[in-house]
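Peer 1: Just to be clear, the model below is a prediction. Sequence and coordinates:
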Amino acid sequence: MGRLVARTQGRGFYPVGHWLDDWLAEQGARDGELTVFLRHTSASLTVQENADPDVQDDLLDALDRLAPEDAGWRHSMEGPDDMPAHVKTVLTGVSLQIPVVAGRLDLGTWQDVYVIEHRTEPHQRSMTLRYLGT
């Protein structure tokens, strides 16, 4: 088991795959599966394209259309972006299971693992890591 903290600078996609690969190397991982769990309710995890940043911008725009700030949310104690962030997290998820082959994440050529920050302010996002394998 391990822990990784990603510091965000507000709304956006933050690549963490390289940190996960570094952690796997420290563990002496070879072949198995990595579970990554994000310990927050207003940010999420995803595997997504890493080649064209327009994809990430389009996804952020799509999530904003699905959960806009001005939708009349009841929960607003932490600001107008908080409840929409919770909805976006429900839609995108906080846990990933990723195959590990030869000590590295078995991602496709154009893929990376991202923390998606749904809030406008910077945050520290904590992930719990668990590797099972050889």
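Peer 2: That came in fine, so what should we check first?

Peer 1: any residues touching the longest strand belonging to the chain, and which ones?
Peer 2: Taking DSSP state E as the criterion, the chain has its longest strand at strand 124-133. Applying Cβ atoms under 8 Å, 6 or more residues apart in numbering, the set of residues contacting strand 124-133 from outside is 1-8, 16, 20, 23-24, 27, 29-40, 43, 45, 100, 115, 117. Yep, even glycine has a C-beta here, placed from its N, CA and C like the rest.

Peer 1: State the next helix or strand along the chain beyond the longest helix along the chain.
Peer 2: Longest helix in the chain by number of residues (criterion: DSSP state H): helix 53-66. Once helix 53-66 ends, the next helix or strand along the chain (criterion: DSSP states H and E) is helix 82-92.

Peer 1: mean confidence for that next one?
Peer 2: The predicted model gives helix 82-92 an average pLDDT of 98.

Peer 1: returning to that earlier point: looking at the contacts of strand 124-133, which are in strands?
Peer 2: Counted as lying in strands by DSSP E, out of these, are 2-7, 32-38, 43, 45, 100, 115, 117.

Peer 1: Make a ChimeraX selection of the buried ones in these.
Peer 2: Written as a ChimeraX command, the selection of buried residues from the ones in strands among the contacts of strand 124-133, which uses 16 or more other Cβ atoms under 10 Å, is:
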select :4,6,34,36,38,43,45,100,115,117
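
Peer 1: residue contacts, M83?
Peer 2: Shown in contact with M83 (Cβ under 8 Å, 6+ apart): A67, W73, R74, H75, S76.

Peer 1: who wins for most neighbours among the residues you listed?
Peer 2: Going through those with other Cβ atoms under 10 Å as the criterion, the one with the most neighbours is A67, at 19 neighbours.

Peer 1: Can you verify my assumption that that one contacts K88?
Peer 2: Yes - checked against Cβ atoms under 8 Å, the pair A67 and K88 is within contact range at 5.3 Å.

Peer 1: What's the local residue count around the nearest residue to G2 once chain neighbours are set aside?
Peer 2: Sequence neighbours aside, L129 is the residue nearest to G2 in space, at 4.2 Å (criterion: Cβ to Cβ, 6 or more residues apart in numbering). L129 has 17 neighbouring residues, counting by other Cβ under 10 Å.
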